[in-house]
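Peer 1: Need coordinates for the below:
(one chain, ligands or ions: 2)
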Amino acid sequence: MLSVIIPAYNEGENINTAADTIGGLLERANIAYEIVFSNDGSKDDTWEIIKAKSAQDSHVRGVSFSRNFGKEAAIFAGLEAALKNPDCKCAVVIDCDLQHPPELIADMYELWKTQGYDVVEARKASRGRESLVYKAFAKTFYKLMKSSSGINLDGASDYKLLDRKVIEAVDGMKERQTFFRALSAWVGFKTTSLEFHVQPRVHGTTKWSFRKLFKFALSSITGFTNFPMHLMTIFGVLFLFLFAGLGVHTIVNFILGRAEAGFSTVILLLLIIGSLLMFGLGIIGYYLAKIYEEIKFRPRYIVDEEV
Ligand code: UDP
Ligand code: MG
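Peer 2: Ligands and ions are numbered 1, 2, ... in the order given. Next comes the predicted model:
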């Protein structure tokens, strides 16, 4: 059986459309399925609508958080709910707003079933309507991610099908600050991809603010690489040469009796060392904060209700 996992945050007007569209498609394709909605602490009537839907449609289940824990947590809650169902053989994660064309689910399922792929990713061939700034931001992020961690996320989305053993592997990772898109690539397994064009949202507006996205990008990059730390070492070596040169210069000046002119050098050196130290401390502090976050072993989310 296929579990369809749908994270939902303030998506009241999309729940029924999503459930009916996806359910109808899978019905016609003759695929046994269930739909698991993860209500990520919505402030609107999302949870009431999910409850009503699940009462009238036996294919629909739902988990509800005690507050907003973010899309990542909602995906993991859905995956864990799917794992609890022994019939679940694979799962698809898809957005609630139908920006991920649901027709692909049947193709992904086919690839999994007939060709034995464990991960079927849907890659964005086009990004849909987004501002230029947003596009540039996304591009830089994916470039940084690729050069620093080697995981190519260009065009990657959260829209993918995972075999049960992949879900178990991803879920088995104990880290709290997850990045689903990269983790499902990191675990490996037999992977293939399909392309899709991002559709316009059916209802409502995006649930991500720029601030939320920026924090997510920063946490994802540092979650997958220690490169910024190495940057410090590289800077250190470079500046060592520079300082050696300046040092020789200062000594020569001293020997020639022109020491007073050296004041400017001293000031410059102080400034450079000061700023470098601050920079380095900042990076170390950032990783320390992350270690602190992980070491707390807080749950990724807290479930309030289930149907
Ligand atoms: N979402 C969520 N928690 C959040 C933000 C978003 O569960 O804190 C869900 C949202 O309901 C949707 C999916 O994540 O199903 C994608 O969000 P959205 O469409 O707002 O993002 P965009 O398509 O603009 O990147
Ligand atoms: Mg969307």
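
Peer 1: Show me how far the strand or helix carrying Val63 is from its chain's centre.
Peer 2: Element membership for Val63 (DSSP states H and E) is strand 60-65. Centroid separation for strand 60-65 versus its chain: 21 Å, with Cα atoms, centre = their mean, to the nearest Å.

Peer 1: gap between the two ends of stretch 36-50?
Peer 2: Using Cα to Cα, to the nearest Å, one end of stretch 36-50 lies 10 Å from the other.

Peer 1: Buried residues, that stretch. List them.
Peer 2: Using 16 or more other Cβ atoms under 10 Å as the test for burial, stretch 36-50 gives Val36, Phe37, Ser38, Asn39, Asp40, Gly41, Ser42, Thr46, Trp47, Ile49, Ile50. Just so you know, the C-beta spots here come from the backbone N, C-alpha and C atoms, and that holds for glycine as well.

Peer 1: so for stretch 252-267, what's the average pLDDT?
Peer 2: Averaged over stretch 252-267, pLDDT sits at 74.

Peer 1: try stretch 205-219
Peer 2: So the average pLDDT for stretch 205-219 ends up being 83.

Peer 1: Residue numbers of the stretch 51-200 of the chain in contact with ligand 2?
Peer 2: By the rule Cβ under 5 Å from the ion, the part of the stretch 51-200 of the chain lying against ligand 2 is Asp95, Asp97, Gln99.

Peer 1: if we can go back for a sec, ok, the strand holding Val63: who's next to it in the sheet?
Peer 2: Strand pairing for strand 60-65, determined by DSSP bridges: strand 33-39 (parallel), strand 303-306 (antiparallel).

Peer 1: need the next SSE after it, C-terminal direction.
Peer 2: Immediately after strand 60-65, counting by DSSP H and E, sits helix 71-84.

Peer 1: Tell me which other helices or strands that following helix touches.
Peer 2: Packing contacts for helix 71-84, counted by 3 or more Cβ pairs under 8 Å, 6 or more residues apart in numbering; DSSP states H and E, involve strand 2-8, strand 33-39, strand 60-65, strand 90-93, helix 164-171, helix 180-186.

Peer 1: Lowest average confidence across those, which one?
Peer 2: It's helix 180-186: among those, that one has the lowest mean pLDDT, namely a mean of 83.
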